[in-house]
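from the sequence below, what's the structure:
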Amino acid sequence: MKALIAALAVMMAVSTAAVAQPAFPPPPGEGGPPPPMPGPNGWLLEPGHWHWNGYKYVWIYRHWIHVRPGYVHFIPGHWGPSPTGPRWYPAHWGP
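Modelled structure (predicted):
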């Protein structure tokens, strides 16, 4: 009986450790200079990030995005709290 309890304890510890592992591999290196700027004004270099394409997470390399009129702050994608646990909040513009 003690062996069964010990085996169950080990199985629970292993399954808990597997859940705690990071969900994403390390990001690939960006390497080299940033891509050429597409225009003189109104552009922001968005850093590389993981993106869910509906099937799997794929790495999006840094790239230039156009500043949205009427918006001042660019909020990069980040993990944050939610009622159901950690949630990914994609990059977006804020007033």
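
Leu45 is in contact with Pro34, correct?
Yes: counting by Cβ atoms under 8 Å, Pro34 touches Leu45, with 5.5 Å between them. (Glycine included, C-beta is placed from N, CA and C.)

need the residues touching each of those two.
Arg62 (Cβ atoms under 8 Å, 6 or more residues apart in numbering).

what pLDDT does the model give Pro83?
Predicted confidence (pLDDT) for Pro83: 93.

pretty sure it is in a helix, no?
No: counting by DSSP: H, G, I helix; E, B strand; the rest coil, Pro83 falls outside a helix, being coil.

show me where pLDDT drops low in this structure?
1-26, 29-32, 39-40 (pLDDT under 70).

go again using 80 as the cut-off
Applying pLDDT under 80 to the chain picks out residues 1-41, 70-72, 95.

quick one: the strands in it?
When secondary structure is read from DSSP state E, the chain shows strands at 43-46, 49-52, 57-60, 63-66, 73-75, 78-80, 87-89, 92-94.

show me what contacts the residue lying closest to Gly94 once chain neighbours are set aside?
Leaving aside its sequence neighbours, Gly94 sits nearest to His73 (Cβ to Cβ, 6 or more residues apart in numbering; 4.4 Å). By Cβ under 8 Å, 6+ apart, the residues touching His73 are 93-95.

CSV for those, including distance to Pro81?
Formatted as CSV, those follow (distance: Cβ to Cβ, whole Å):
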residue, distance to Pro81
Trp93, 22
Gly94, 18
Pro95, 22
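
pick out whichever of those sits closest to Gly80.
Among these, Gly94 lies closest to Gly80 (Cβ to Cβ), at 13.9 Å.
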